[in-house]
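Participant: sequence and predicted structure below; questions after.
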Amino acid sequence: MDDTGLYNCNETELLSMARRQGLGALRRGLTKERLVALVGGYDNPHPNDFAGTQFTRAKLELFIHDNWGVVRSQLPGCNGQCTKYPCSEGTHASCYAPNKGSV
């Protein structure tokens, strides 16, 4: 199969595609070959392929679920499903940081 299109993408684009496919938040620094294999569907992700935010995403998701009435206006375009929603690591950090003490 010709993956030229995937090889022309940068790391951020490949990570975004992985999130949109439901692969979760993959970590930065994976080789292009590894990212193409995951996004192209040639291999399944291994535990060390994921970003370190899986734990904080799960905690934030529970917090949002328990406080949806209060926080929903602060989450434009977000459905509160942090473990599935395709936000970037930076966006997640911006959402998690002010709620860290409550989570």
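Facilitator: Yes, it's here.
Participant: pick out the residue closest to the middle of the chain.
Facilitator: Centroid-nearest residue in the chain, with Cα atoms, centre = their mean: residue 25, separated by 3.1 Å.
Participant: tell me how many other residues surround the residue nearest to that one when sequence neighbours are not counted.
Facilitator: Once flanking residues are discounted, residue 25 sits nearest to residue 51: 4.3 Å by Cβ to Cβ, 6 or more residues apart in numbering. C-beta: built from backbone N, CA, C; applies to glycine. Counted with other Cβ atoms under 10 Å, residues neighbouring residue 51 total 17.
Participant: mind naming the longest helix for the chain?
Facilitator: If you go by DSSP state H, the chain has its longest helix at helix 54-66.
Participant: pLDDT at the residue nearest to the centre of the chain, what is it?
Facilitator: In this model, residue 25 is scored at 80, pLDDT.
Participant: go on, the one 5 residues further on?
Facilitator: As summarised for this prediction, residue 30 has a pLDDT of 95.
Participant: pretty sure the residue nearest to residue 25 contacts residue 30?
Facilitator: No - with contact defined as Cβ atoms under 8 Å, residue 51 and residue 30 do not form a contacting pair (10.1 Å).
Participant: mind jotting down where the helices sit in the protein?
Facilitator: 4-7, 11-20, 32-39, 54-66, 68-71, 89-99.
Participant: pull the residues that contact the third one.
Facilitator: Contacts to helix 32-39, defined as Cβ atoms under 8 Å, 6 or more residues apart in numbering, come from residues 3, 6-7, 11, 14-15, 17-18, 21, 23, 26, 30, 42-45, 49.
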